[in-house]
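**Student:** sharing a sequence plus its predicted fold:
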Amino acid sequence: MLTNLQSVKKIIILSLIFVLTFTTLHFSLSTNYNVSAADSAAEVYFSSESNNTAPKSGSWYTDPTFAMSGVEYQLSKQADVPLTDPSGANVTTIQVNPNIEYQTILGLGTSLEESTIYNLSLMSPQKRDEVLRKLIDPVNGAGMNVFRITFGASDFTGREFYSYEDIPGQFSIQKDIDYNIVSTVQQAIAIGNETGNPIKIFASSWSAPAWMKTNNSLIGGYLKWEHHNDLAEYYRKAIQAYENLGIPIYAMTIQNEPLYAAPDYPSMQLTPENEREIVIALKNEFDTHSIATKLWSFDHNFEQVWDYIPEILNNPQANEAVDGVAFHDYDGEPTRMSEVHNNYSNKNVLVTERTVWGTSGADRIAQYFRNWAISYNAWVTMLDQNIAPEQWSGTPDPTMVIQSPIDRDTYWITPEYNFIAQFSKFVEEGAKRIDSNYGSAATVTNVSFLNPDNTIVSVVINQTNSEQTFKILSGGKEILSILPAKTVGTYQWMKIESDGNTGSEAPIGSIIAIKAMANNKYVTAGDAGNSALIANRDAAQGWEQFEVVDGGDGFIALKSLANGKYVTAENGGESNLIANRDSIQGWEQFKWIDNGDNTFSLQANANGLYVTAEDGGDSPLISNRPLIDGWEKFQYIIQ
């Protein structure tokens, strides 16, 4: 009797939660019904833009109080949304498949460059600790875990430009100690350890010491060829000096923006040949002195990467020494990272510098991860209302923390902090990016992750001026939600252990690429659809993309993006599959079969036989097999 009463009570409670969830979303209430992921519900947090001040407006410096008064959501906990059976609602759909995994995530963070540290040093010890905890604490803060420091001076400093060896033979990081850089980083590390979020520090240099350069200046110029070994020794000494002070350097980039010679702040142009030789010399230094610091190459814009890294990574010695390729986002598109991944799959890719603003900025971060980035770092954490201190040649946009120059303990947290936290607070180090369809800027976009504790995190972004209703489908369950205008929502729930596999549900409405298990190559509609389908491509582009369409009566159809036509089992299945039909009839219908092993198969309605990648993928696809074996299995990747 007690069990029956408990069951009835549970049904009533879940029903109330479902109703109250949508009431809450419509009327922007913040009631927390405290239903955990373990109770088959998704936890939800919102952050939004200001409704009275544009994301990059200079008004954030002049009147941050007014600007923040227009921000409705700031990592605001919403009512949990129950996981239900699919409703069939005709709304924007995000398909999340935790069984297709991509890169392992290192983390997200920002910079502890000297401008930020200078402003932190003007605060009382209590307020300085408070700001650092807001960045690092995973429970009461943003949970950031990757921080960038500079070896020597950068443009964001109030100090006279310096290196660690301005006079040959006189190496010292004493200025980093005097300027509170070392003590602040030590404090950040201590907070990370205390709060259960150990942080990683990586370093970048803006210039070699002047005496190593062609123009004998920290500003501009090239490295002299004869100083490759000297610079490698210089970096090794810097790493050791920091480690001796309790600051391990997890990684370093070889040179900040090596293709740019700034006219008025520390910089150095470094040719790919220069960097190749430095990498090799650094590897020797690290091996000799038992240093585990990782080396990240390039550290410049997406657009120029192919002008640079082949000279380095095509060299066996340099390739072995380089862990990853670092990018800045000031020119070009994040898809360059996917290109690098496809060509050098043994190398990580990372975004080491770029602050972005608003919901479009949050979407840009999602694009970084969808293009194989393992981490993202913002640049410059805190300036004051006078936009100081800094010596950059332009006018900086708003930072995620803005300090009062009158009362240094007064500061404002801007929406950019919240937008980064929508990722960093929920996506743990070691998480895997998992498969999901990107969506559309006209509705919602997303990126999804699987944490080591088996929780799924989907960061959903609404860049539009109106609320958007959408659903997440995963593991046979649905999360139906409404995301307010100009808002980012993070949805976190426990992976359902019965999440089938890659083929558990046909991702109707999605654009997919199909990989044949026969040879691990992608299926293509060759010659823009004029040739039969065959699995012979190493990467997926237009001819390798198909839209999954409801074919009626429990069947699906595949529309090729190569020509906009449907795939058919030609001649009742006796001929090869080809995309040449304008409408869906019997030969264009296929059953989507879940194989229970992270693959799916297609059964042609034309003859009831299974589609195979004939001859181990060497011949075109054809539906001629009565049973499913290796050649009849496929995986799909949502594009």
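**Tutor:** Sure thing, it's come through. Residues are numbered from 1 along each chain as shown.

**Student:** which parts of the stretch 201-350 of the chain are helices?
**Tutor:** Under the criterion DSSP state H, counting those that start in this stretch, helices of the stretch 201-350 of the chain are mapped to 228-244, 272-289, 309-313, 316-321, 335-343.

**Student:** what's the angle between the first one and helix 272-289?
**Tutor:** Calculated by axes from the mean of the first three to the mean of the last three C-alpha atoms, to 10 degrees, helix 228-244 forms an angle of 50 degrees with helix 272-289.

**Student:** cool, the last one as well?
**Tutor:** Computed with the same axes, to 10 degrees, the direction of helix 335-343 lies at 60 degrees from that of helix 272-289.

**Student:** got a list of contacts for helix 335-343?
**Tutor:** 103, 302-303, 305-306, 309, 325, 327, 347, 349, 351, 368, 371-373, 538-539 (C-beta atoms under 8 Å, 6 or more residues apart in numbering). C-betas here are computed from N, CA, C, even on glycine.

**Student:** what mean pLDDT would you report for stretch 308-323?
**Tutor:** Mean pLDDT, stretch 308-323: 98.

**Student:** please apply the same query to stretch 88-100.
**Tutor:** 86.

**Student:** quick one: buried residues of that stretch?
**Tutor:** 92-100 (16 or more other C-beta atoms under 10 Å).

**Student:** repeat for stretch 347-354
**Tutor:** Residues of stretch 347-354 classed as buried: 347-354 (neighbour count, 16+ other C-beta under 10 Å).

**Student:** show me which of the contacts of helix 335-343 are buried.
**Tutor:** Here, 16+ other C-beta under 10 Å leaves 103, 302, 305, 309, 325, 327, 347, 349, 351, 368, 371-373 buried among the contacts of helix 335-343.

**Student:** make TSV out of those and add distance to residue 153.
**Tutor:** Shown next, in TSV, are the buried ones among the contacts of helix 335-343 (distance: C-beta to C-beta, whole Å):
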residue	distance to residue 153
103	33
302	26
305	26
309	27
325	25
327	23
347	29
349	28
351	23
368	28
371	32
372	32
373	27
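
**Student:** ranges for the helices of this protein?
**Tutor:** Taking DSSP state H as the test, the helices found in the chain are 2-27, 59-62, 64-69, 114-121, 125-136, 174-178, 181-194, 228-244, 272-289, 309-313, 316-321, 335-343, 358-370, 415-424.

**Student:** which one of these lies nearest to residue 555?
**Tutor:** Among these, the nearest to residue 555 by C-beta to C-beta is helix 358-370 (30.0 Å).

**Student:** helices or strands next to the closest one in the packing?
**Tutor:** With contacts taken as 3 or more C-beta pairs under 8 Å, 6 or more residues apart in numbering; DSSP states H and E, helix 358-370 sits against strand 373-377, helix 415-424, strand 445-450, strand 455-462, strand 487-494.

**Student:** swap in 7 Å and give it another go.
**Tutor:** For helix 358-370, the packing partners by 3 or more C-beta pairs under 7 Å, 6 or more residues apart in numbering; DSSP states H and E come out as helix 415-424, strand 445-450, strand 455-462, strand 487-494.

**Student:** contacts for the last one?
**Tutor:** Defining contact as C-beta atoms under 7 Å, 6 or more residues apart in numbering, one finds that strand 487-494 is touched by 37-38, 41-48, 73, 83, 359, 362, 419, 422, 426, 454-462, 472, 479, 483.

**Student:** what mean pLDDT would you report for it?
**Tutor:** Average pLDDT, strand 487-494: 98.

**Student:** now the shortest one
**Tutor:** Across strand 445-450, the average pLDDT comes to 97.

**Student:** how about residues contacting it?
**Tutor:** Taking C-beta under 7 Å, 6+ apart as the rule, strand 445-450 contacts 94, 96, 98, 101, 105, 363, 366, 369-370, 427, 431-434, 436, 438-439, 456-461, 495.

**Student:** thinking again about what came up before, redo the helices of the stretch 201-350 of the chain as a markdown table? Include distance to residue 519.
**Tutor:** Below are the helices of the stretch 201-350 of the chain laid out as a markdown table (distance: least, C-beta to C-beta, whole Å):
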| stretch | distance to residue 519 |
| --- | --- |
| helix 228-244 | 43 |
| helix 272-289 | 34 |
| helix 309-313 | 26 |
| helix 316-321 | 26 |
| helix 335-343 | 17 |
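
**Student:** for this structure, give me the ranges with low pLDDT.
**Tutor:** Counting by pLDDT under 70, the chain shows low-confidence ranges at 1-39, 498-504.

**Student:** okay, now the domains of it?
**Tutor:** The record's domain parsing of the chain by automatic domain parsing lists 2-102+432-494, 106-424, 511-638.

**Student:** format the ones you listed as JSON lines; extra columns: distance to residue 505.
**Tutor:** As requested, the domains of the chain are exported to JSON lines (distance: least, C-beta to C-beta, whole Å):
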{"stretch": "domain 2-102+432-494", "distance to residue 505": "7"}
{"stretch": "domain 106-424", "distance to residue 505": "21"}
{"stretch": "domain 511-638", "distance to residue 505": "8"}
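
**Student:** returning to what we had before: looking at the helices and strands packed on helix 358-370, which is closest to residue 151?
**Tutor:** So among the helices and strands packed on helix 358-370, helix 415-424 is nearest, using C-beta to C-beta, at 24.3 Å.

**Student:** helices or strands up against the closest one?
**Tutor:** When contacts are defined as 3+ C-beta pairs under 7 Å, 6+ apart, helix 415-424 packs onto strand 41-48, strand 107-111, helix 358-370, strand 487-494.

**Student:** can you put the ones you listed in TSV and add distance to residue 224?
**Tutor:** As requested, these are exported to TSV (distance: least, C-beta to C-beta, whole Å):
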stretch	distance to residue 224
strand 41-48	49
strand 107-111	29
helix 358-370	35
strand 487-494	48
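
**Student:** out of those, which gets nearest to residue 567?
**Tutor:** Using C-beta to C-beta, the nearest of the helices and strands packed on helix 415-424 to residue 567 is helix 358-370, at 26.1 Å.

**Student:** how far does the closest one sit from the chain's center?
**Tutor:** Relative to its chain's centre, helix 358-370 lies at 8 Å (C-alpha atoms, centre = their mean, to the nearest Å).

**Student:** any figure for the gap between residue 61 and residue 275?
**Tutor:** Distance, residue 61 to residue 275, by C-beta to C-beta, to the nearest Å: 37 Å.

**Student:** ugh, wrong one, residue 405
**Tutor:** Taking C-beta to C-beta as the measure, residue 405 falls 40 Å from residue 275.

**Student:** neighbour count for these two, which is higher?
**Tutor:** It is residue 275, of residue 405 and residue 275, that has more neighbours when counted by other C-beta atoms under 10 Å, with 25 against 14.

**Student:** test my guess that residue 67 contacts residue 55.
**Tutor:** No: if you go by C-beta atoms under 7 Å, residue 67 and residue 55 don't touch, sitting 9.8 Å apart.

**Student:** for the most centrally placed residue in the chain, give me its contacts.
**Tutor:** Centroid-nearest residue in the chain, with C-alpha atoms, centre = their mean: residue 369, separated by 2.4 Å. Residues counted as contacts of residue 369 (C-beta under 7 Å, 6+ apart) are 433, 447.

**Student:** again, 8 Å this time
**Tutor:** The contact partners of residue 369, taken as C-beta under 8 Å, 6+ apart, are 103, 105, 376, 433, 447, 449.

**Student:** between these, which is closest to residue 547?
**Tutor:** The closest of the contacts of residue 369 to residue 547 turns out to be residue 447 (C-beta to C-beta; 20.8 Å).

**Student:** thinking again about what came up before, quick check, nearest of the buried ones among the contacts of helix 335-343 to residue 239?
**Tutor:** Using C-beta to C-beta, residue 325 comes nearest to residue 239 of the buried ones among the contacts of helix 335-343, at 20.2 Å.

**Student:** much appreciated, bye for now.
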